[in-house]
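K.L.:
next comes the sequence, and after it the predicted model I'd like to discuss.
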Amino acid sequence: MAASTSLTPEQLSLRAQIAAHELWANCQDPAAHTLPARQAFLDRFERKVDPDGVLDPAERARRAEHARKRYFKTLALKSSQVRAAKAAARREGGAAA
């Protein structure tokens, strides 16, 4: 295939989608394939609550769970705010972004 500099953004997106479908079509164990990424994502919360690694593992895990829940609740709040703003814009007759 030609160099990516000669592809449009739409073509780059399609190429990435093709590659993703190829990956998952040939993947024997999707959970095992994504385990390192999931573990890295969760580990960041432990590093956030205990950057020096001095807490008892159970306490670090407890705090990390709360940090993770906070992260997802924050995402949910932001999503809710954006949806509400778009709904208000539609009610007012404006176009939502």
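P.N.:
All right, it came through fine. Numbering: from 1, shown residues only.
K.L.:
the residue most central in space within the chain: which element?
P.N.:
Centroid-nearest residue in the chain, with C-alpha atoms, centre = their mean: residue 41, separated by 9.0 Å. Using DSSP states H and E, residue 41 sits within helix 30-49.
K.L.:
next, the buried residues of that helix.
P.N.:
Under the neighbour-count criterion of 16 or more other C-beta atoms under 10 Å, helix 30-49 has 45, 46, 49 buried. (Each C-beta comes from the backbone N, C-alpha and C, glycine too.)
K.L.:
go through those and say which is closest to residue 89.
P.N.:
Checking those against residue 89 by C-beta to C-beta gives residue 45 as the nearest, at 34.7 Å.
K.L.:
my guess is that closest one contacts residue 62. True?
P.N.:
No - applying C-beta atoms under 8 Å as the test, residue 45 and residue 62 come out as separate, 11.1 Å apart.
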